[in-house]
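1. Below: sequence and its predicted model.
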Amino acid sequence: MSTISTQLRNFKEPTKDQLTHLFFALPPEEPIYHGEKGAAEQQEKMEISAVLVLQGEETWPGKLYLLPPYLTFASLDRKSTRFAIPLSTIRRVERLSARAGVYALSLSLWHGMKMIVQLTALRPTADLFCSLLRDSLKVELQRGQMKVIKGFVKTCYSEILVLSENEEKEGAATKADEANASPSESMYLGGLGLKFKFPGDPKKLREASKTKLWTNYLRTHGRNLTLLRYQTCTRLVQVGLPNRLRGEMWETLSGSLYMRFENPGFYERILKENSGRTNTSTEEIEKDLHRSLPEYSAYQSEEGIASLRRVLQAYSFKNPETGYCQVNAGHEYISGGDLDNSYMSEEQAFWLLEIICDRLLPGYYSPSMHGTLLDQRVFESLVHRCLPIIHEHFQQVDVQLSVASLPWFLSLFINSMPMVFAFRIIDCFIYSDGNPIVPRLAILKINGEKLLQIQDDGGFIQLMREYFSSLGDSAHPNSTDPRARAITRFQELLLVSFREFSVITDDTILSERRKFRSEIVHSIEAFSKRSAIRNLKTLERFTKDQAGLIYDALFKSICVVPPPAASLPPPSLLTTKDAAEDRPETRIGLNTFKVFLSEICTWARDEKIVSNGFQQRIDREVAEHELIDRLFLFWDTSYRGSLAFQDIVSGLDGVMFNDLMENIEWFFNLHDKNKDGFLTKDEVLTLSESLLFIFRFEVGDAYLGAVSRFMSNAFEYGDALLPRPEGADSNEEPPQIESNQPYMNLATFRMVVLADEILESFFETDFCSTFRLEPVPLELPSSNSSLLGGIWSNIASDDNKKIFHSFTDQIGRTIGKHQVYHRPAIGKYTALEEPKARESLLTPTMRRSASKGSLATTELEDTASLMTSTSTLSLSASAPSQINVESPPSISRAEFSPMPSMFQAAAQAAAYMERTPFAIDDAKDEDEDLEDESEVEDDGVMDEVDAFLEEHDTGLTDAERALAQDLMNAEPV
């Protein structure tokens, strides 16, 4: 069993709108919960040049984006200032009266902050933007989102933090209202850190100073839903977040706050809908619950373990493809250490986990872990570029940097360094929108001299362990300057990261990811291919290379027609504890199977060689016929309506290595629907249609004639072997049976097939040769994001190629150079001559009256084949014992001229004079040989030839008579 995924090949570069949403950390446009779609989905988006002005602050030119239901702004450098506020938080919009040519708007937000936006565009453009903004605000008012804000902000700790005795009257009134509210409404969300204390010493962490700085910033520049981010916010994040405010700031900076705001009650709903449900993920979660961060006291209590269990189960239920078992290393630490319990509530942790796994660390915790492998490759590339000496040393001593640094990527340093410092790393990671590379480069830079001393992977891991354990120590203990001695190693790490590696931006990371994505996808697919072949229960008679070719064809078909998601096998009634657990496997349906079969079988596809005077191309289409459907059901031995990789390998083994008799039996069983060992008349007709489908593009009428003779002989021989009543005359007509009654068994079918030379050759060699295991080209989608690359990818699309081919074909028809040639499935006969078929195995004594016409037809076909011969006559030793020289009544004299009859009689006479030599002949005496020759001369055949020539003597020229005389006097061959 194996799971085959093509998700990596479906990757597409994000569009401009998607990049804008990612930059502002906005929720996806598709609703998380499939309910009624809001009216905001039909609203138009727009961007406009603007200048942001705050009271008492400087101005920032940039762009203002209307992305319903959000209004966003970013400065020109996209770093200095930006905000993303829901439209429902805007309380008032006014147009300021100013001098001519200036278009300015004043926005009053929920928290009392006012900002002025000057639209620096043409007047019509500014009017259009204001009109769209007004319409969007009306929609938000109709949706009732403005009424939800009051209850939502009460769950944020920042609301309580900024309300103090020195607050303005508006803030005092709000505080009074909150004091009068019920405890459940005024209580903000928090983690188990409120009960079990937060990690670290508050005095050493300077919690009071951090809280005061953040309180002043939040009071002036908004909070939670209306937070404004600019340089001061960046410096505060680098200094560190207060423990009580850390959970909310992670929410706000990552964008998970908007997810929680737009999807109220989703977390409780998904837990309720899946209550009591168990699967592989829930079992793995139970195994790891008691192993998550044992140094933290909250995880030694049932309350903390239950909270962690609910968060992980909710995420696995929402994302069944990722689940938990594939990413237990990452989820165990991310959910348990930094998201849940300590700083955030369960619902906050759930949505932040969603953002981290889907947007900040894409592909890190997928089944293939392609995101982790890709960033590791990017990390190695940047080490080679920025730290070439260290990279060269690692190459010399064979240190696998990707293996040694894997825990840094999966758990964001939570299991590598003390939790206090790991949380500071995560603060900067979330604020920088998920740049996981810079701190790792700084670690190698700081420890560069010691890294040049190591000789293996073990030395690297030991050095990093010692460094992480000493992050709280002084970076310069021997310095005479007290300020230098006060700098810790962790502060040095942050300093090196933000100063020396500030040139590595998000665009740099994205560019490197595009560069190495194809390489990573290829390596993952190669590993998946080896795993799928290794997990096969049996290779049958295939080699590993041949099984790899089958896998390639199957993988391509899955890319073209994706199958349903991987599913578990049906449960067995009898199971044991020692039995191996069945894994999910990928199974293909009928449509995917048709594409797969067209890749390896010539008759399962329609290949047209098109020439139009401009180009010559091969168009391949998937064939449609009942034979393919029948083959799909024939290989589905488990009756599940789908095929696994093992089913396909076993099915191909049953047809590609067969001899003549095995192929005949296989084809018989394929059309025996009820598996009773007999074919009905309808099934015989279906089998004939299958043969015609296979031979549909063959050159000439040889195969068509073979199928025609097969049908004639099948029904003739079948009627001859039908059981008759006792005492019935053998010359009477056969009894009539229904079309769905048993009619022909395997022995009869084999006899009828062997009666025809073409069908015998087909089942002996040609049928197996139609299954061809050849390398399948699998091109990765282009990830070139340059201007020229994007233009070319848009021009060279599949739809444009079809339009171009149709255009050139039309021109080719106009000038008379359009030709279409169907490539045959077998291609054995390339000329229009029909090869001579073998005589039927049915003897004259077995033929009934109904078969006389068939016998006459066979004689005429023999005559036609003799007429097409130009050099020598192919004679068979199994000719009948006498010659029928009378012309059938239905053939006129003009159609059946004396000349062909003469040649036929002469050829048959020569055939009868020929005798196949046997080994026993060597034991005879010379006298016996002479007696045999005399018997051959006196058998009366020549007398019949003379009589025939005398009867048809009229109309012959002298040359024809001389030729006939030479044939009669010819020596035996």
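-> That came through, no problem.
2. Give me the domain ranges for this structure.
-> Domain ranges of the chain: 45-143, 154-167+187-360, 370-521, 537-564+586-721+740-782+796-828, per the TED database.
3. Quick check: which ranges of the stretch 651-800 of the chain have low pLDDT?
-> Counting by pLDDT under 70, the stretch 651-800 of the chain contains low-confidence residues at 723-735, 779-798.
4. quick one: the helices in it?
-> 660-671, 681-694, 702-720, 746-754, 757-761, 767-769, 787-795, 798-815 (DSSP state H, counting those that start in this stretch).
5. Just send those helices back as a markdown table, with mean neighbour count and distance to Gly458 too.
-> Quick note: C-beta positions are derived from backbone N, CA and C, even for glycine. Compiled in a markdown table, these are given as follows (neighbours: other CB atoms under 10 Å; distance: least, CB to CB, whole Å):
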| stretch | mean neighbour count | distance to Gly458 |
| --- | --- | --- |
| helix 660-671 | 18 | 58 |
| helix 681-694 | 18 | 62 |
| helix 702-720 | 20 | 69 |
| helix 746-754 | 19 | 67 |
| helix 757-761 | 19 | 66 |
| helix 767-769 | 18 | 55 |
| helix 787-795 | 11 | 44 |
| helix 798-815 | 12 | 52 |
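6. Of those, which is nearest Glu251?
-> With distances scored as CB to CB, the stretch of these nearest to Glu251 is helix 787-795 (35.3 Å).
7. follow-up on the earlier one: indicate which one of the helices of the stretch 651-800 of the chain is closest to Phe198.
-> That would be helix 787-795 among the helices of the stretch 651-800 of the chain, by CB to CB, at 48.3 Å.
8. follow-up on the earlier one: which of the domains of the chain sits most buried?
-> domain 154-167+187-360 (a mean of 19; mean count of other CB atoms under 10 Å).
9. all helices for the stretch 1-150 of the chain, in order.
-> With DSSP H, counting those that start in this stretch as the criterion, the stretch 1-150 of the chain has helices spanning 16-23, 123-143, 145-153.
10. now the ones you listed as JSON lines including mean pLDDT?
-> Shown next, in JSON lines, are these (pLDDT from 0 to 100):
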{"stretch": "helix 16-23", "mean pLDDT": "90"}
{"stretch": "helix 123-143", "mean pLDDT": "93"}
{"stretch": "helix 145-153", "mean pLDDT": "90"}
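11. hey, which helix or strand in this protein has the poorest pLDDT?
-> Across the helices and strands of the chain, the lowest-confidence element by mean pLDDT, DSSP states H and E is helix 852-867, at a mean of 38.
12. residues in contact with Phe460?
-> Residues in contact with Phe460 (CB atoms under 8 Å, 6 or more residues apart in numbering) are Val399, Leu401, Ala404, Leu451, Ile454.
13. Looking at these, which is nearest Thr81?
-> Leu401 (37.3 Å).
14. how close does that closest one sit to Tyr467?
-> 15 Å (CB to CB, to the nearest Å).
15. same check, this time on Asp799
-> Distance, Asp799 to Tyr467, by CB to CB: 55 Å.
16. Helix or strand next in line after the lengthiest helix in the chain, which one?
-> As assigned by DSSP state H, the longest helix anywhere in the chain is helix 506-534. Downstream of helix 506-534, the next assigned helix or strand under DSSP states H and E is helix 544-560.
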